[in-house]
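> Fold the following and give me the result.
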Amino acid sequence: MRRKNKDFKYIMSLDSELNQIQDLDVLLERILLEARKVVNADAGSIYVVTSELAKEAEKLSIKYSQNDTIKKQLPPGEKMIYSVFSVPIDEKSISGYCALTKKPINIPDMYNIEPNAPFSFNSTFDKISGYKTTSTLTVPLVTAHGILMGVIQVINAKDKKGHTIPFSADDELLITHFAANATIALQRAYMTRAMVLRMIKMSELRDPKETGTHVNRVAGYSAEIYDRWAYHRGVSQVERDKFRDILKIGSMLHDVGKVAISDVILKKPARLTPEEYAIMQNHTLYGAVLFDDAQSPADHLAREIALSHHENWDGTGYPGYVDPVSRVPLKLDSSGKPLGMKGEEIPLGGRIVAIADVFDALCSKRVYKEPWSESQVLSEMRKLAGSKFDPELIDVFFEILPAIKQTQQLYPEE
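The predicted structure follows:
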């Protein structure tokens, strides 16, 4: 009873923390981590409800997977790479059945599921990884109005000696209570993501390249690059989590200033002329102006990124030292043009998003080009280190390439 009261107090203390997280993906990852902590689970996955097309049946798509045993086998700072997949919301899989019934499913031994159970266990992951899934507890994420948002599945409860044990009735009660609280935070994060994506949709109506999947990929790449960079720099986990949260939002809005650029230029089915390109460059200033009355750290970072993500490490980028509101140059070079930012004068967020944005553009089809091959893209990214890109961040980019590719799988072209 003492342990249960302590755990309930911990769950209640998490409410304010979870509600401070603004980005949906960062929140989902944190929810899974805390759910595992609550019931001392070695591993787990979190799924969200998705549908690829409006008329298509809803599915559960995996968003994050965590595994302490496998993580211990990786080099320090390395993240576990997992398969990206979706499952139907039906009775065939455990997570699908949980979503279908909106009820918890507690299985003591996955290799001895009751013969009359409608669902079955797919042991493919165990065979590939050498990890044995034994006990699982699968809980739906349901709003107060009965709307299904996703499913949490925690795996292999551990006792004090590290032995795998079944999840108890108390565990089921605790995680169900946690899931109810977490769903409230999720609803708020979904609203934030929806508002951001509506702004992106405005850009997409103007610029066909500025799609929801593109900005989600850029945000995902940016968060992964920052996280590994910050790990190497010894930044605390608390500070890393805070910055990742606002970086995801700010990086999604990097090109929102394009709403102020003429359709003649934005939708031109060919490369721009030098004169048109000069006009296009103003999108950085327009984007910064949108956040000129910054109300939060996320607004400040969004302004920095919008303004600086086209600056180059060697100082040849744009817009340089220019006041976004008046568009008056603040520093001039020898030719009388705005002096470009260079090196670490460029804010960290801008340096990171520059890498993420160019990488995604090279990998994507455009009206004037086909997608480049992976070898071509990676060769170009490496070649631009020290001129266009921060060389330290490019080293980090190549270090986390598996995580970059996983983000591509999470947000494929529509």
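
> give me the low-pLDDT residue ranges for this protein?
Along the chain, the model assigns pLDDT under 70 to residues 1-8, 12-13, 52-56, 204, 206-211, 367-368, 414.

> how about the strands in it?
For the chain, the strands defined by DSSP state E cover 41-50, 59-67, 86-88, 105-107, 136-142, 148-158, 164-165.

> Now do the contacts for Thr69.
By CB atoms under 8 Å, 6 or more residues apart in numbering, the contact list for Thr69 reads Asp42, Ala43, Tyr131. Where you see a C-beta, it was placed from the backbone N, CA and C, and this is true even at glycine.

> TSV please, covering these and showing distance to Gln20.
As requested, the contacts of Thr69 are exported to TSV (distance: CB to CB, whole Å):
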residue	distance to Gln20
Asp42	28
Ala43	26
Tyr131	33
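
> so which of these comes closest to Gln153?
Ala43 (9.1 Å; CB to CB).

> who's the closest one bridged to?
Ala43 has these beta-bridge partners by DSSP bridges: Asn67, Ile155.

> count of neighbours near it?
21 (other CB atoms under 10 Å).

> Closest to the centroid, which residue in this protein?
Nearest to the geometric centre of the chain sits Gly220, at 4.1 Å (CA atoms, centre = their mean).

> Report the separation between it and Ile246.
According to CB to CB, to the nearest Å, Gly220 stands 15 Å off from Ile246.

> Name the surrounding residues that touch stretch 226-242.
With CB under 8 Å, 6+ apart as the contact definition, stretch 226-242 has outside contacts at 21, 26, 30, 77, 243-244, 247, 348, 352, 392-393, 396, 399-400.

> ok, of those residues, which come out buried?
Buried by 16 or more other CB atoms under 10 Å: 21, 26, 30, 243-244, 247, 348, 352, 392-393, 396, 399-400, out of those.

> Identify those among those that sit within helices.
Counting by DSSP state H, the part of the buried ones among the contacts of stretch 226-242 found in helices is Val26, Arg30, Phe243, Arg244, Leu247, Leu348, Ile352, Glu392, Leu393, Val396, Glu399.

> Now for the residues you listed: which two are most distant?
Comparing every pair within those by CB to CB identifies Arg30 and Glu392 as the most remote, at 27.4 Å.

> thought Ile225 was touching Glu399?
No. Ile225 lies out of contact with Glu399 (CB atoms under 8 Å); the separation is 9.4 Å.

> which ones are touching Val256?
Neighbours of Val256 in contact, by CB under 8 Å, 6+ apart: Met199, Ile200, Met202, Ser203, Gly287, Leu290, Ala306.

> any idea how far it lies from Tyr411?
Applying CB to CB, the value for Val256 to Tyr411 is 18 Å.

> returning to what we had before: which among the contacts of stretch 226-242 gets closest to Met280?
Of all those, Met280 sits closest to Ile352, with 21.8 Å by CB to CB.

> residues in contact with that closest one?
Ser222, Ile225, Tyr226, Trp229, Leu247, Ser251, Leu393.

> For these, give me CSV that also has distance to Asp299.
Shown next, in CSV, are the contacts of Ile352 (distance: CB to CB, whole Å):
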residue, distance to Asp299
Ser222, 17
Ile225, 22
Tyr226, 18
Trp229, 23
Leu247, 13
Ser251, 14
Leu393, 24
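
> If you rank those residues by neighbours, which is first?
Ranked by neighbour count (other CB under 10 Å), the contacts of Ile352 have Ser251 at the top, with 31 neighbours.

> just checking, Ile21 touches Ala189?
Yes. Between Ile21 and Ala189 a contact is recorded at 6.8 Å, counting by CB under 8 Å.
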